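Asker: Have a look at this prediction, sequence included:
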Amino acid sequence: MALLVGAAAVWFAASGDGSLVDVAAAFGRTVVVGLVGSFAVHEVAHVVLLRRIPGITHITLERTSFRFSVVPVGTLTARQVGLVAVAGPGACLLTVPAWWVALPGSGLAWWYAAHVVFLVPVFADGRLLLASVRSGALGRDRRMTE
């Protein structure tokens, strides 16, 4: 990212052509506000809800090469698991109208709207939501240990 901005600045200084600066700025906005920002909103929403649940003793952050995840330590009911699973993608979806109004042509809203895919059971939020629904549907709204 820094290399792109640096190259654009050198090109602008040498030629007076600001088109590469515009491209670098748009790319930077997309990466920082769209990609990183949407995942920050997603994970912070999980944390905010988890901090309100009395059975959670603490929350850890797991980091891999491609993702960050919050991991609660403690006990949750099946209902609480479902609510926490929906909180991340739900928070991102709630920001979509604001992005459409604030920056209508930027495409940033789609980064946030795309978080709904995390409710598909191949992802952790989707698996937890499915387990929550199954447990609740079977009348087993007992405590689930994370």
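Answerer: Good, I have the coordinates.
Asker: Can you tell me the SS state at V122?
Answerer: coil (DSSP: H, G, I helix; E, B strand; the rest coil).
Asker: again, but for S135
Answerer: helix.
Asker: how much space between the closest residue in space to V70 that isn't next to it in sequence and L20?
Answerer: Once flanking residues are discounted, V70 sits nearest to H46: 5.0 Å by Cβ to Cβ, 6 or more residues apart in numbering. C-betas here are computed from N, CA, C, even on glycine. Distance, H46 to L20, by Cβ to Cβ, to the nearest Å: 38 Å.
Asker: More neighbours: these two, which one.
Answerer: H46 (22 against 17; other Cβ atoms under 10 Å).
Asker: what pLDDT does that one get?
Answerer: The score at H46 is 96. That number is its pLDDT.
Asker: next helix or strand past the host helix or strand of it?
Answerer: Here H46 sits within helix 37-51, counting by DSSP states H and E. As assigned by DSSP H and E, the chain's next helix or strand after helix 37-51 is strand 56-63.
Asker: List the buried residues in the next helix or strand after that next one.
Answerer: The C-terminal neighbour of strand 56-63 among helices and strands, as given by DSSP H and E, is strand 68-77. Using 16 or more other Cβ atoms under 10 Å as the burial criterion, the residues of strand 68-77 that qualify are 70, 72, 75-77.
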